[in-house]
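**Student:** Model the following, please.
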Amino acid sequence: MKSTSDWVLSGMLAIVAVIVVAHMLPVSVDPVLRLDIARNRSPIAELHQVRDIVQRKVVHVDTLDLARDGRFAHSRLGDIGYGQNFFVDIVSTFKVRKAGSYRFVVASDDGFSLQVDGRQICAFTRDRALTTQTCTILLDPGERAFRLSYFQAGGPAGLKVQYGRHADGKLYWFGQKSEHFEFPR
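**Tutor:** This next block holds a predicted model:
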């Protein structure tokens, strides 16, 4: 029969084993949005310049909250871009539940272009420090096409996109389900 100290030691070893296994598992989030990230060979000065891609990767994120201490980073996944001179393209859909005037609040460092249903609703295509823009669009219920292109030249980086219905004033991260938008899972 095991003594109390044996049970305590066994319990502590089990806890340590669980902690070790948890740290060995890769961090993940719900794959709501696919980011196609491409590192450019030469410096980027403008979003629409000719691309000369030398490396690519795909990262899936749950929301577009990708600015941490001047880095292109996710709160759980950490750094997800390249250090500098990279493009990010996000093509997705979302479903509008209720007709109305909606706003997209985009914070970017550096440039971006946002399209809904093939129509550009806002953009800043050059280099800049993290700056926020609000874009407005009228949307009817149904599925909508979303396209966002972003670039990071050098220095600090970041991209954040929120949305909300003008009538209620509340903002949600793009990718976060709400009473207004649904996202494919």
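
**Student:** Which parts of this structure are helices?
**Tutor:** Secondary structure of the chain (DSSP state H): helices at 4-24.

**Student:** quick one: contacts for the residue nearest the centre of it?
**Tutor:** The residue lying closest to the centre of the chain (C-alpha atoms, centre = their mean) is residue 64, at 2.7 Å. Residue 64 is in contact with 33, 90, 148, 159, 160, 161, 173, 174, 175, counting by C-beta atoms under 8 Å, 6 or more residues apart in numbering. All C-beta spots, glycine's among them, are computed from the backbone N, C-alpha and C.

**Student:** Skipping its backbone neighbours, what lies nearest it in space?
**Tutor:** residue 161 (3.9 Å; C-beta to C-beta, 6 or more residues apart in numbering).

**Student:** quick one: residue 37 and residue 90 touch, right?
**Tutor:** No: Residue 37 lies out of contact with residue 90 (C-beta atoms under 8 Å); the separation is 9.8 Å.

**Student:** So in this structure, where's the weakest helix or strand by average pLDDT?
**Tutor:** Least confident element among the helices and strands of the chain, by mean pLDDT, DSSP states H and E: helix 4-24 (a mean of 63).

**Student:** tell me which residues form a beta bridge with the nearest residue in space to residue 55 that is not next to it in sequence?
**Tutor:** Nearest non-adjacent residue to residue 55, counting by C-beta to C-beta, 6+ apart: residue 39, 4.3 Å away. With DSSP bridges as the criterion, residue 39 is bridged to residue 55, residue 86.

**Student:** gap between residue 39 and residue 152?
**Tutor:** Distance, residue 39 to residue 152, by C-beta to C-beta, to the nearest Å: 10 Å.

**Student:** Could you do residue 8 as well?
**Tutor:** 52 Å.

**Student:** Just give the number of residues close to residue 112.
**Tutor:** When neighbours are defined as other C-beta atoms under 10 Å, residue 112 has 22 of them.

**Student:** quick one: contacts for it?
**Tutor:** 47, 106, 123, 124, 125, 148, 149, 150, 151, 159.

**Student:** Now do the same contact list for the third one.
**Tutor:** Read that as residue 123. 47, 111, 112, 113, 114.

**Student:** which of these tops the neighbour count?
**Tutor:** Counting by other C-beta under 10 Å, top hit in the contacts of residue 123: residue 114 with 24 neighbours.

**Student:** Please name the bridge partners of that residue.
**Tutor:** Legend: beta-bridge partners of residue 114 under DSSP bridges are residue 122, residue 148.

**Student:** That one contacts residue 107, correct?
**Tutor:** No: in this structure residue 114 lies outside contact range of residue 107 using C-beta under 8 Å: 11.8 Å.
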